[in-house]
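# mind folding the following:
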Amino acid sequence: KNLKLQEEEKNIDEFNQLFKEVNWMKKALDKGFGKGDDVDEEFLLDDYNSDDETSSHQLKEDEEETDERLRIIFCSRTHSQLTQFVREVKKSPFGNDISLVSLASRNVMCINPAVKKLNSQAAINEKCLELGKKKSKTTKFDLDDEKPVKKSKSGGCPYNKPTGIENLRDDAILGIHDIEDLVTAGKKTESCPYYASRAAVPLCEMLVLPYNTLLHAATRKAIGINLKNSVVIIDEAHNLLETISGIHSVSISGGQLATAYSQLSQYKLKYKSRLKASNLLYIKQIQFVLASFIKYLGGTPGKDPSEPTTFSREENKMMDVSEFLVETDVYNQNLLKLVKYCNTSQIPHKLHGFSEKYKSSENSTEENKTGVSAFLENLKKKDNKEVTSTAAKKESDENRKPGSSPLMGIVEFLTTLATNFADSKILVRYGTTLSGANIRFLLLDPASQFKEIVREAHSVIVAGGTMQPIQEFKQQLFVAAGAPESRVMHFSCDHVVPGDHLLPLVITQGPTSVKLDFSYQHRETPQVLDELGRVLQNLVAVIPAGMVIFFPSYNYEEKVFNHLQKLGIIDKLSQKKSIFREPKGTGDSDRILGEYSRAVRLSMEGGGLGSQKTGAILMAVVGGKMSEGINFSDELGRCVVMVGMPYPNMNSPELKEKISFLNTHVGLIDGKQAGSVHYENLCMKAVNQSVGRAIRHKADYAAIVFLDHRYARPTVQSQLPGWISRHVRIPPKFGPTLADIRKFFKSKA
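Numbers count the residues shown, from 1 in each chain. This next block holds a predicted model:
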């Protein structure tokens with residue numbers, strides 16, 4: 001009997017083993033001949049239950065502890081300014097007593113060479129998140145089906161290790177480190193400084209971060225910044241109003257919509273049989289929204305964006321958010337729920353990974369080549385003859401660049417659309433092709449996004465060297481955000497530079513007594529351009545070392561340069577000083593700045609190629625890279641010349657809507673309509689920021705030359721910083737100007 005039982009057990013074991021082998025062979029066949037579906041496991045969406053959204057989200061919020069300890073949050077515009085501040089804290093009496101943590105983007109703090117080499121911020125963010133998900137992944141099938149097997153994936157980031165990050169976090173809290181210190185320590189310990197600094201946030205007494213991180217509520221929440229009982233200091237706050245509006249104003253292009261729709265259609269086509277019903281339902285909802293936007297722009301979903309739309313010419317349309325939702329037929333969609341799904345399921349990242357993997361592969365069957373797949377094929381082929389529009393080609397290239405996830409930008413737009421109804425508009429630009437069209441969300445009231453900071457923080461300090469005119473900050477930021485006027489205090493102190501180190505001159509006419517009027521109506525007249533050339537020739541003769549000339553726009557700088565070149569004036573100027581021009585794109589700015597600095601240095605040393613010249617000229621643009629964040633100290637900027645007044649384009653739809661909004665909601669400021677004050681301030685803040693590039697320390701000295709008769713007006717001079725306006729001279733004729741400049745620089749020699 002026992003022998004019989006043993007034989008039966010043996011037969012069962014053999015059967016089980018045979019079943020396992022057959023099952024394994026079946027999976028091997030599926031893996032080998034099933035179009036690589038098992039390999040694509042990383043692209044598949046996890047099961048999603050929308051019914052659990054509210055309860056799980058509420059539970060997570062309930063579990064969070066509220067951290068309301070006293071904390072100082074210091075933010076500025078650039079990482080170099082933050083680093084400079086941290087070094088000053090180290091030297092202060094509080095250097096040994098305070099715990100300070102510096103935060104920065106992945107682009108700055110990443111130490112993984114494979115990620116760091118990517119060419120855009122979006123690419124680095126997406127790759128980091130992708131590697132984080134690859135650290136460990138539950139695989140549904142192995143040799144048998146009893147249990148899921150958790151396998152370690154080699155694709156995870158080698159620097160994202162919990163133990164190493166905790167140790168680096170502790171080091172960051174125990175000592176004061178700037179961003180470079182953290183990155184260096186991370187490289188030594190092979191631990192991620194980005195995640196270590198974020199982990200240190202709840203434990204530190206002072207946070208140092210870029211102000212974009214502070215001003216965006218979702219980013220604040222993601223990092224875990226609690227404003228309760230905090231002292232918030234915003235440095236370099238001269239453009240704070242525009243920065244808040246810019247952060248919350250989001251634009252999507254027709255090319256983005258077309259690419260996202262096509263990628264999503266291909267994704268659904270490939271994985272339809274493997275996705276749960278809930279995922280398919282959300283994907284269809286996303287497709288519906290994308291298709292609705294494409295149709296509203298006059299395009300056809302699934303078609304090449306370079307094909308003609310239903311619009312015969314370009315036009316703009318401004319509307320309310322509610323009107324836009326109705327006209328695009330998405331008013332009945334729960335956008336918040338859709339955004340929640342996109343963020344939870346990570347579909348933008350998975351879709352991007354899917355499209356990157358298959359972007360160069362050919363479809364295996366002809367029957368799958370629908371309009372959607374044909375469009376994707378079209379995107380892959382650079383020399384496709386059907387794509388004749390240069391603009392369309394450029395748009396397609398932008399959407400194909402590594403790390404560019406079109407759906408991610410659209411999700412950001414939907415988030416803004418769903419959460420920012422108050423005091424906002426939608427600007428739709430229709431084009432003759434879908435590539436030339438776009439939809440832009442405009443935030444008109446920055447106070448609506450700043451009010452949480454004002455309400456929650458213990459104190460808010462905005463600071464800067466060129467904050468004039470100050471009244472706009474008070475009205476549009478603090479009072480409009482709900483702060484009582486009694487709480488808003490204004491403090492201003494003089495510059496550290498002595499008054500005799502500064503020579504501000506307003507030149508109203510040139511050597512031949514032609515009035516210098518660079519208003520839009522007169523700035524392109526030959527008489528004014530000729531007189532500008534004569535003024536520059538005279539200034540170059542008496543100004544040593546570096547001379548920076550600011551123009552209102554790139555187009556006007558080019559027009560002036562071409563005109564002076566035809567007259568031979570550029571050649572005459574270049575005999576005295578080497579001439580450099582700020583490039584329109586930011587790519588070559590550092591190179592041009594380096595060459596300009598080298599030319600100035602060589603001329604001062606009196607050797608090399610610059611021995612025949614007295615310095616260099618940099619022709620820059622207000623609002624460009626050279627006008628902000630670049631220090632033209634000492635010999636690099638012995639004279640700053642401001643050509644005209646850089647008023648923005650009054651015909652811009654965005655500016656018109658902003659002025660109309662301010663006139664309606666803010667009222668009068670010092671007896672003037674708020675919209676008019678805003679328009680003037682945009683100009684004067686840009687002027688103040690540009691001319692402030694020259695004076696950078698207490699021993700520095702420079703001449704500041706304003707070329708336009710309008711600078712002689714008392715109303716304009718009152719909007720200059722006090723340390724400049726009190727020393728302004730307005731010579732009645734051009735001749736005495738040169739004498740004043742000679743005398744000024746002779747006294748400093």
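# tell me the centre residue of this protein?
For the chain, the residue nearest the mean C-alpha position is I247 (7.6 Å; C-alpha atoms, centre = their mean).
# what pLDDT does the model give that one?
Looking at I247, its pLDDT stands at 89.
# distance of it from F450?
As judged by C-beta to C-beta, to the nearest Å, I247 and F450 stand 11 Å apart. Glycine gets a C-beta too; all of them are placed from N, C-alpha and C.
# now the common contact residues for these two.
By C-beta atoms under 8 Å, 6 or more residues apart in numbering, I247 and F450 have these common neighbours: L215.
# just the helices in the stretch 201-350 of the chain please.
Under the criterion DSSP state H, counting those that start in this stretch, the stretch 201-350 of the chain carries helices at the ranges 211-215, 217-223, 240-247, 254-271, 277-296, 321-327, 335-345, 347-358.
# what residue ranges in the stretch 501-650 of the chain score low on pLDDT?
Along the stretch 501-650 of the chain, the model assigns pLDDT under 70 to residues 586-587, 607-611, 629.
# what about the strands in it?
502-507, 545-551, 578-581, 615-621, 639-643 (DSSP state E, counting those that start in this stretch).
# and the second one, which residues are buried?
Burial within strand 545-551, assessed by neighbour count using 16 or more other C-beta atoms under 10 Å, is assigned to 545-551.
# ok, the third one next?
For strand 578-581, burial by neighbour count (16+ other C-beta under 10 Å) applies to 578-581.
# how about those in CSV, adding distance to S278?
Putting those into CSV (distance: C-beta to C-beta, whole Å) gives the following:
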residue, distance to S278
S578, 65
I579, 64
F580, 59
R581, 57
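# from these, pick the one nearest V497.
F580 (26.0 Å; C-beta to C-beta).
# bridged to that closest one, which residues?
Per DSSP bridges, residues listed as beta-bridge partners of F580: L618.
# with L442 instead?
Beta-bridge partners, per DSSP bridges, of L442: K425.
# please report how far the closest residue to V540 other than its chain neighbours lies from K748.
With sequence-adjacent residues excluded and distances taken as C-beta to C-beta, 6 or more residues apart in numbering, V540 is closest to K576, at 4.8 Å. As judged by C-beta to C-beta, K576 and K748 stand 20 Å apart.
# name the residue in those two with the higher neighbour count.
The neighbour count for K576 versus K748, taken as other C-beta atoms under 10 Å, is higher for K576 (19 against 12).
# which residues does the more buried one contact?
540-541, 613-614.
# where does I72 land in three-state SS?
Secondary structure state of I72, per DSSP: H, G, I helix; E, B strand; the rest coil, is strand.
# would you agree it is in contact with S230?
Yes. If you go by C-beta atoms under 8 Å, I72 and S230 touch, sitting 7.1 Å apart.
# for G95, list the residues it contacts.
89, 176.
# helix, strand or coil for it?
At G95, secondary structure determined by three-state DSSP is coil.
# distance of it from I176?
Distance, G95 to I176, using C-beta to C-beta: 6 Å.
# overlap in contacts of those two?
Counting by C-beta under 8 Å, 6+ apart, the residues touching both G95 and I176 are V89.
# quick check: phi and psi on I695?
The phi/psi pair for I695 (degrees, to the nearest 10) reads phi -100, psi 110.
# these two touch, right, it and V497?
Yes. Counting by C-beta under 8 Å, I695 touches V497, with 5.2 Å between them.
# got any ranges where the stretch 51-200 of the chain has weak pLDDT?
51-68, 134-155.
# so what's the residue count around S448?
Quick note: S448 (other C-beta under 10 Å) scores 18 neighbours.
# before we move on, what about N107?
Other residues close to N107 by other C-beta under 10 Å number 18.
# is it true that it touches E126?
No. Contact criterion C-beta under 8 Å: N107 and E126 do not qualify, at 12.0 Å.
# which residues does M684 contact?
468-469, 716, 719-720.
# repeat that for E166.
Neighbouring residues of E166 by C-beta under 8 Å, 6+ apart: 196, 199.
# measure it to L103 for me?
17 Å.
# give me the number of residues near the closest residue to C110 other than its chain neighbours?
Nearest residue to C110, sequence neighbours excluded (C-beta to C-beta, 6+ apart): K116, at 5.0 Å. When neighbours are counted by other C-beta under 10 Å, K116 registers 14.
# these two touch, right, K116 and I124?
Yes. Between K116 and I124 there is a contact under C-beta under 8 Å: 7.3 Å.
# any common contacting residues for the two?
Joint contacts of K116 and I124 (C-beta under 8 Å, 6+ apart) are C110.
# so what pLDDT did the nearest residue to I244 once chain neighbours are set aside get?
Nearest residue to I244, sequence neighbours excluded (C-beta to C-beta, 6+ apart): P446, at 3.7 Å. Note on P446: pLDDT of 90.
# if I look at P446, how far off is L655?
15 Å.
# list the contacts for Q476?
241, 446-447, 662, 666, 674.
# what of G499?
By C-beta under 8 Å, 6+ apart, the contact set of G499 is 723, 726-727.
# who wins for neighbours among these?
W723 leads those on contacts (other C-beta under 10 Å) with 20 neighbours.
# tell me the pLDDT at the closest residue to L290 other than its chain neighbours?
Excluding the flanking residues, the one nearest L290 by C-beta to C-beta, 6+ apart is Y261, at 4.3 Å. Model confidence at Y261, given as pLDDT, is 94.
# ok, Y261 touching P301?
Yes. At 5.4 Å, Y261 and P301 qualify as touching, with contact defined as C-beta under 8 Å.
# name the residues contacting each of these two.
287, 290-291, 294.
# need the residues you listed in TSV (columns: distance to V622).
Shown next, in TSV, are these (distance: C-beta to C-beta, whole Å):
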residue	distance to V622
Q287	44
L290	39
A291	42
I294	38
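# so who does V640 touch?
547-548, 550, 632, 690-691, 693-694, 702-705.
# flag every buried residue along stretch 177-192.
Residues 177-183, 185-186, 189, 191-192 are the ones in stretch 177-192 that count as buried (16+ other C-beta under 10 Å).
# OK, contacts around the nearest residue to V208 once chain neighbours are set aside?
Sequence neighbours aside, S102 is the residue nearest to V208 in space, at 4.6 Å (criterion: C-beta to C-beta, 6+ apart). Counting by C-beta under 8 Å, 6+ apart, S102 makes contact with 82-83, 86, 177-179, 182, 197, 208-209.
# could I get those residues as a markdown table with secondary structure?
Formatted as a markdown table, these follow (three-state DSSP):
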| residue | secondary structure |
| --- | --- |
| L82 | helix |
| T83 | helix |
| V86 | helix |
| H177 | coil |
| D178 | coil |
| I179 | helix |
| L182 | helix |
| S197 | helix |
| V208 | strand |
| L209 | strand |
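# now T737: closest residue in space, sequence neighbours ignored.
Nearest to T737 is P731, by C-beta to C-beta, 6+ apart, at 4.9 Å.
# again, but for S405
Using C-beta to C-beta, 6+ apart and skipping residues adjacent in sequence, the residue nearest S405 is H352, 4.1 Å away.
# any idea how many residues pack against the one you found?
Residues near H352, counting by other C-beta under 10 Å: 26.
# from what I can see S424 touches P446, true?
No. S424 is beyond contact range of P446, at 11.0 Å (criterion: C-beta under 8 Å).
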